[in-house]
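> Sequence first, predicted coordinates after that:
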Amino acid sequence: MDRRGFLKGVGASVLGAVVSPLAAAAAEERRPNFVVIFADDLGYGDLGCFGHPTLRTPHLDRMAAEGAKLTQFYSAASVCTPSRAGLMTGRLPIRNGMCSDKRAVLFPDSGGGLPESELTIARLLKSKGYATACVGKWHLGHLPQFLPTSHGFDYYYGIPYSNDMDRTAGAHRDACIDPKVEYFNVPLMRNEEVIERPADQSTITKRYAEEAVAFIKRAKDKPFFLYLAHSMPHVPLFASEDFADTSLRGIYGDVITEIDWSVGRVLDTLRAEGLAENTLVIFTSDNGPWLVFKEHGGSSGLLRDGKGSTWEGGMREPTIAWWPGTIKGQTVITDMASTLDVLPTFAELAGADVPKARVYDGWSMADVLKGKGRGRRNVMYYYRGTQLRAIRKGPWKMHLYTKTEYVAGKVEKHEPPLLFNVERDPSEKYDVAAAHADVIADLKKEIAAHEATVERGPSQLEIPLKKA
Ligand code: MG
């Protein structure tokens with residue numbers, strides 16, 4: 001019910017109770033807005049404020065200076081589709097079929113997507129009267145029943161899957177490293193309609209920013225949730241004229257600079273509209289850098305490996321949370337957290353109930369963001385497809401299997417497992433398993449307890465598209 005309807009209904013029925021509906025309306029008004037800005041394949045080392053020496057990100061640096069940097073924040077998986085499913089649902093993708101050992105992500109010839117039975121952040125917040133929009137890459141199914149508009153978003157504008165798909169030219173690597181817009185016949189959609197094909201990727205980052213700003217201005221009288229998921233720096237890389245050849249870091253730097261500019265557009269709009277102090281903005285990425293693309297891929301900084309792997313570089317993301325007046329500026333949060341924690345966090349802050357009858361894999365970050373407590377997450381699971389390859393509990397990370405992805409080679413099984421103290425050794429250089437048999441035994445117990453909660457269903461990623 002909108003606020004006017006609420007006032008009319010209650011005000012008319014309760015004689016003399018003028019104050020209470022107004023107070024209730026005011027409380028409604030105080031529900032925070034939420035913005036998630038999600039980069040694609042951005043590395044832990046790719047932002048100025050996370051230590052990159054030649055990449056300039058002044059808007060993200062300012063966001064971090066006014067808010068909090070989260071330095072031990074994980075995506076739900078090391079590739080796009082499962083990672084996004086985890087963010088949207090607060091549940092590991094192993095619980096809802098959004099992962100596979102045969103196909104790492106959804107493709108244009110996929111017939112599956114995020115099941116309707118899953119509750120997304122958008123649908124959860126809609127139950128509390130939020131206006132919702134998804135701008136950018138979705139990658140949780142491109143058929144109508146799986147699109148954002150079927151999952152609680154009032155509005156969608158974007159490329160529904162990866163920007164390197166629907167390729168019309170040459171080998172994937174060549175087309176990505178020396179790209180032209182027409183090499184990738186990806187659709188640009190508004191709600192359920194394709195409005196441009198191929199999407200002009202050279203202006204897509206800019207257009208996503210303008211769509212995001214327009215939504216904020218449209219929605220500002222209600223609480224709102226904006227999910228702004230950039231298509232880049234996933235290859236192929238395109239920057240608009242204003243940003244091309246502006247960075248010391250080459251085209252990758254140009255792309256990041258443009259994304260950084262778009263973050264500035266969003267935050268400036270929130271400031272100008274007087275919404276900054278009532279809006280929580282989280283910036284992060286879906287997975288680590290695609291290292292085989294060399295200069296066209298990012299850097300995981302001091303972390304090991306990148307996209308696709310369950311080493312830290314595959315899933316630990318450069319993350320910033322901003323909420324002026326609530327999150328203290330210049331904060332560095334070293335507590336463990338994850339995209340899986342976003343749904344429970346928003347639920348708590350919006351006063352929405354999360355269904356009791358399903359297993360969640362996240363904990364609210366509300367207290368730790370407000371500086372009122374420690375993070376509630378003490379464990380992280382690292383899946384590749386359906387295989388649990390590693391676990392972290394406290395400072396200890398144990399690898400049962402490892403593999404560098406996108407290059408030849410087999411999955412390596414470790415028995416005894418590898419063990420790293422990733423707080424002392426974030427680069428995972430020094431295996432200390434031999435000295436800590438007790439830790440390994442405890443982590444194995446933790447895995448057994450976790451696996452007892454997992455019901456593996458059929459994979460959505462293996463469902464083929466039905467021919468019309
Ligand atoms: Mg990605």
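Sure thing, it's come through. Residues are numbered from 1 along each chain as shown.
> which residues touch E295?
Listed by C-beta atoms under 8 Å, 6 or more residues apart in numbering, the contact partners of E295 are 250-252. All C-beta spots, glycine's among them, are computed from the backbone N, C-alpha and C.
> G297 now?
Listed by C-beta under 8 Å, 6+ apart, the contact set of G297 reads 41, 43, 235, 252, 289-291, 306-307.
> Tell me the buried residues in the longest helix along the chain?
Looking across the chain with DSSP state H, the single longest helix is helix 250-272. By neighbour count on 16 or more other C-beta atoms under 10 Å, the buried set for helix 250-272 is 251-267, 269-270.
> Mind picking out the helix or strand in the chain with the poorest mean pLDDT?
helix 3-13 (a mean of 34; mean pLDDT, DSSP states H and E).
> Would you mind listing what in the stretch 151-300 of the chain touches the ion?
The stretch 151-300 of the chain comes close to the ion at residues 286-287, as judged by C-beta under 5 Å from the ion.
> one more time with 8 Å, if that's ok
162, 234, 285-287, 290 (C-beta under 8 Å from the ion).
> any idea how far Y252 is from F38?
In this view, F38 and Y252 are 18 Å apart by C-beta to C-beta, to the nearest Å.
> now K128
Separation of K128 from Y252 (C-beta to C-beta): 39 Å.
> which stretches of the stretch 301-450 of the chain have low pLDDT?
Nowhere does the stretch 301-450 of the chain drop to pLDDT under 70.
> Strands of that one, residue ranges please.
Remark: strands assigned in the stretch 301-450 of the chain by DSSP state E, counting those that start in this stretch are 319-322, 331-333, 337-338, 379-384, 387-393, 396-402, 412-421.
> and what of the stretch 151-300 of the chain?
Under the criterion DSSP E, counting those that start in this stretch, strands of the stretch 151-300 of the chain are mapped to 155-158, 188-190, 193-196, 224-229, 279-285.
> Present those as JSON lines; the columns should include mean neighbour count.
Shown next, in JSON lines, are these (neighbours: other C-beta atoms under 10 Å):
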{"stretch": "strand 155-158", "mean neighbour count": "23"}
{"stretch": "strand 188-190", "mean neighbour count": "19"}
{"stretch": "strand 193-196", "mean neighbour count": "12"}
{"stretch": "strand 224-229", "mean neighbour count": "26"}
{"stretch": "strand 279-285", "mean neighbour count": "25"}
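> okay, those strands in TSV with mean pLDDT and distance to T402 next?
TSV is the format used below for the strands of the stretch 151-300 of the chain (pLDDT from 0 to 100; distance: least, C-beta to C-beta, whole Å):
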stretch	mean pLDDT	distance to T402
strand 155-158	98	34
strand 188-190	98	38
strand 193-196	98	41
strand 224-229	98	29
strand 279-285	98	21
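> what about stretch 317-324, how long is it end to end?
Stretch 317-324 has an end-to-end distance of 22 Å (criterion: C-alpha to C-alpha, to the nearest Å).
> Just give the nearest non-adjacent residue to S300, would you?
G313 (3.1 Å; C-beta to C-beta, 6 or more residues apart in numbering).
> what about that neighbour, how many residues close to it?
Look at G313: counted by other C-beta atoms under 10 Å, it has 29 neighbours.
> Wait, it touches W290, no?
No - using C-beta atoms under 8 Å, G313 is not in contact with W290, being 11.0 Å away.
> residues shared between the contacts of those two?
Residues touching both G313 and W290 by C-beta under 8 Å, 6+ apart: G306.
> In contact with the residue nearest to E446 when sequence neighbours are not counted, which residues?
Using C-beta to C-beta, 6+ apart and skipping residues adjacent in sequence, the residue nearest E446 is K393, 5.7 Å away. Residues in contact with K393, defined by C-beta under 8 Å, 6+ apart, are 378-379, 442-443, 446.
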